[in-house]
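Q: Got a sequence here, can you model it:
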Amino acid sequence: MSDKKKKLVTVIAVITLAVLLIVVAMILRNKNKLENPVKNTTIGMGTIVEQTFFSTDKAAAKKAVTDTTDIINKLDVSRLSWREKGSDVWNINSEHSAYVDTSTFQCIEQCFDVSSKCNGVFDITVGKLSTLWNIGTEDARIPSDEEIDEALPTINYKRIVLLPDDKGSYLIETGEDQMLDLGAVGKGLACDRIRLYLETTDIKGAIVSVGGSVLAYGKNPVYKDGTWNIGIRDPFMNDGRIMGILNCEPCCVSTSGDYEKVLEADGKKYHHILDPRTGYPAVSNVTSVTVIAQSGTITDALSTACFILGYSDASLELLKEYDAEAIFIDKEGRVYLTPGVEGKLTITSGAFTIIKDES
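A: Residues are numbered from 1 along each chain as shown. This is a model prediction of the structure:
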């Protein structure tokens with residue numbers, strides 16, 4: 001090989017090495033950027049909202065904080081709140097026939113579907129009953145048997161009429177004695193709407209919790225496999241500590257438990273998850289249920305239904321209808337897992353034991 005050719009090969013090799021070093025540097029720089037997310041904690045829907053966004057563009061991540069906060073607040077005030085005059089749910093409850101936003105219609109449609117598959121154990125027409133109890137507010141009280149008996153006949157999801165038209169309008173009709181309460185699914189719906197928003201951005205990964213509902217979006221750059229670790233709350237402690245860590249792919253996770261909102265009266269505790277069949281707080285063989293699925297609205301609805309049904313064949317069959325998985329915790333700290341969660345929950349507290357299903 002001539003000296004000229006040797007010099008040319010050397011130059012090409014040097015250039016190639018330089019390009020590779022630049023590429024590696026860019027990858028490492030972007031990786032470091034991704035591993036330093038933008039975080040924020042705020043209040044929305046009457047609960048704590050925690051946001052974490054991973055992006056190489058910090059301005060985009062900061063914008064996501066603002067935009068998702070706006071999504072949550074708009075859903076609460078303009079769509080779901082039965083207290084806010086002019087919201088979709090307020091209009092339905094006031095007129096018993098109202099045109100609503102697409103998100104409200106789809107939410108009610110999903111709730112209707114869950115109700116039909118659990119024989120009404122989960123039912124968003126519990127509004128009159130839940131306002132009697134008002135657990136979680138300063139007006140919480142134990143209603144009389146007569147008040148409960150009067151409210152029970154108004155609870156019947158089958159009386160909801162869903163009327164979409166081909167012009168993009170959505171009409172909801174209910175019975176004149178009925179009152180909707182979407183409080184059980186509002187936080188899950190917020191997770192769904194946030195996911196739709198993130199799909200239009202350059203956010204690579206995110207985790208957003210709205211109270212007991214969590215959205216794990218995209219890939220987690222902190223781990224090679226891109227999975228997420230979500231803490232499962234200890235239902236026996238009031239300080240927010242966790243009983244275990246769930247490792248999962250992108251999904252929504254919702255938890256319902258008898259520790260969240262409680263009324264203490266006459267030496268007894270009354271939790272906020274009401275059984276539409278009895279009118280009283282549900283008597284369940286579990287203290288909390290965590291559901292994992294792709295839709296936040298569905299996980300919220302299912303966690304409520306499965307809490308009322310308890311750890312039972314009925315709950316397991318309902319979960320299968322939606323390809324959902326669940327973690328059931330009973331009052332003795334025994335933990336029951338559906339097959340898709342086995343091996344993905346790490347217990348971090350000695351007060352809990354995973355029970356293997358021998359059937």
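Q: so where is the chain shaky, pLDDT-wise?
A: 1-35, 358-359 (pLDDT under 70).
Q: ok, the residue nearest the centre of it - contacts?
A: Closest to where the C-alpha atoms of the chain average out (CA atoms, centre = their mean) is S213, at 2.9 Å. Shown in contact with S213 (CB atoms under 8 Å, 6 or more residues apart in numbering): K187, G188, A190, C191, C252, V253, S254, T255, G296, T299, D300. Heads up, the C-betas are built off the backbone N, CA and C, glycines and all.
Q: Once you drop chain neighbours, what's closest to it?
A: Nearest non-adjacent residue to S213, counting by CB to CB, 6 or more residues apart in numbering: K187, 4.0 Å away.
Q: State the distance from the one you found to S254.
A: The spacing between K187 and S254, counted by CB to CB, to the nearest Å, is 7 Å.
Q: Common neighbours of those two, please.
A: G212, S213, G296, D300.
Q: Which members of the contacts of S213 are positioned in strands?
A: Under the assignment DSSP state E, the contacts of S213 contribute C252, V253, S254, T255 to strands.
Q: Top of these by number of neighbours, please.
A: Ranked by neighbour count (other CB atoms under 10 Å), these have S254 at the top, with 31 neighbours.
Q: first vs last residue of stretch 316-327, how far apart are they?
A: Stretch 316-327 has an end-to-end distance of 11 Å (CA to CA, to the nearest Å).
Q: buried set for that stretch?
A: Residues L316, L318, L319, Y322, A324, E325, A326, I327 are the ones in stretch 316-327 that count as buried (16 or more other CB atoms under 10 Å).
Q: try stretch 285-302
A: With burial defined by 16+ other CB under 10 Å, the residues of stretch 285-302 counted as buried are 286-293, 295-302.
Q: Do a quick rundown of the helices in the chain.
A: Taking DSSP state H, the helices of the chain run over residues 3-34, 58-74, 88-95, 102-117, 127-133, 145-151, 186-198, 296-309, 313-321.
Q: Of all these, which one is nearest D234?
A: When the helices of the chain are ranked by distance to D234, counting by CB to CB, first place goes to helix 296-309 at 16.5 Å.
Q: what does stretch 198-205 rub up against?
A: Residues contacting stretch 198-205 (CB under 8 Å, 6+ apart): 34, 53-57, 60-61, 64, 68, 206, 217-221, 226.
Q: do you know how far the residue nearest to the centre of the chain is from T174?
A: 25 Å.
Q: same check, this time on S87
A: Remark: distance between S87 and T174 (CB to CB) = 15 Å.
Q: ok, now I108?
A: 10 Å.
Q: what is in contact with those two at once?
A: Shared contacts of I108 and T174, defined by CB under 8 Å, 6+ apart, comprise I160, L180.
Q: just how off-centre is stretch 210-230 within its chain?
A: 13 Å (CA atoms, centre = their mean, to the nearest Å).
Q: Tell me the buried residues in it?
A: The neighbour-count check on stretch 210-230 (16+ other CB under 10 Å) flags 210-221, 227-228, 230 as buried.
Q: Can you tell me how far I308 is from E138?
A: Distance check for I308 against E138: by CB to CB, it reads 26 Å.
Q: Neighbour count for those two, which is higher?
A: I308 (24 against 5).
Q: is it true that the more buried one touches S284?
A: Yes. With contact defined as CB atoms under 8 Å, I308 and S284 form a contacting pair (6.3 Å).
Q: distance of the closest residue to L318 other than its chain neighbours from V341?
A: Closest residue to L318 apart from its sequence neighbours, by CB to CB, 6+ apart: C118 at 5.3 Å. According to CB to CB, C118 stands 20 Å off from V341.
Q: Which of these two has more residues huddled nearby?
A: More neighbours surround C118 than the other of C118 and V341, with 22 against 19 (other CB under 10 Å).
Q: so what's that one up against?
A: Contacts of C118 by CB under 8 Å, 6+ apart are A305, L309, A314, L318.
Q: quick one: buried residues of stretch 71-78?
A: Applying a neighbour-count criterion of 16+ other CB under 10 Å, one finds I71, I72, N73, L75, D76, S78 buried in stretch 71-78.
Q: for stretch 98-115, that is, sorry about that
A: Of all the residues in stretch 98-115, those buried under the rule 16+ other CB under 10 Å are 98, 100, 103-108, 110-112, 114-115.
Q: Among the residues you listed, which pair sits farthest apart?
A: A98 and V114 (21.8 Å).
Q: Quick one: neighbours of G86, just the number.
A: G86 has 10 neighbours, counted by other CB under 10 Å.
Q: Next, work out how far apart it and E95 are.
A: 12 Å.
Q: okay, the contacts of S213 in TSV with distance to K167 next?
A: Shown next, in TSV, are those (distance: CB to CB, whole Å):
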residue	distance to K167
K187	31
G188	28
A190	27
C191	29
C252	31
V253	37
S254	34
T255	39
G296	28
T299	32
D300	30
